[in-house]
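Novice: Fold the following.
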Amino acid sequence: MADRGRFIGERIFVDVVDLEKPVSFTWRNQKHKIIEIEASDRRLDLQSTWYRRKHRDYFIVKIEGGKCFEIYRHRVPGKPYWVLTRELPKTD
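Specialist: Numbering: from 1, shown residues only. Now for the predicted structure:
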């Protein structure tokens, strides 16, 4: 089984540009500058009842120092929020 990294699952604060692109995030009172977005994916839940839908924008980001993380924005109407899902293993 492939190593999926270390699960974190904590809410974070994210600075964005152009209303969508993350440029930095604050986790446990420490700000991390994103130097690269390695991948992004918009997942729309159209199978669930409208009030149970989970629309999310996922990003694989690399920060200064070389660590990579998976983060997502939960697109809840009126109160979207961001989550740091996991720290990903290094790929050398």
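Novice: Give me the below-cutoff pLDDT ranges for this structure.
Specialist: The model of the chain has pLDDT under 70 over residues 1-2, 48, 50-53, 91-92.
Novice: Identify the bridge partners of the most centrally placed residue in it.
Specialist: Nearest residue to the geometric centre of the chain (C-alpha atoms, centre = their mean): residue 71, 1.3 Å. According to DSSP bridges, the partner residues bridging residue 71 are residue 59, residue 84.
Novice: dump the residue contacts of it.
Specialist: 12, 14, 22, 25, 58, 59, 61, 82, 83, 84, 85 (C-beta atoms under 8 Å, 6 or more residues apart in numbering). Glycine gets a C-beta too; all of them are placed from N, C-alpha and C.
Novice: what ranges do the strands span in this structure?
Specialist: Using DSSP state E, the strands found in the chain span residues 6-17, 21-27, 30-43, 56-63, 68-74, 81-88.
Novice: Now do the closest residue to residue 63 other than its chain neighbours: how many residues are near it, please.
Specialist: Nearest residue to residue 63, sequence neighbours excluded (C-beta to C-beta, 6 or more residues apart in numbering): residue 32, at 4.4 Å. Neighbour count for residue 32, taken as other C-beta atoms under 10 Å: 18.
Novice: For the strands of the chain, could you give me CSV that also reports distance to residue 49?
Specialist: Below are the strands of the chain laid out as CSV (distance: least, C-beta to C-beta, whole Å):
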stretch, distance to residue 49
strand 6-17, 24
strand 21-27, 29
strand 30-43, 17
strand 56-63, 17
strand 68-74, 17
strand 81-88, 21
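Novice: I'm done for today, thanks for sticking with me.
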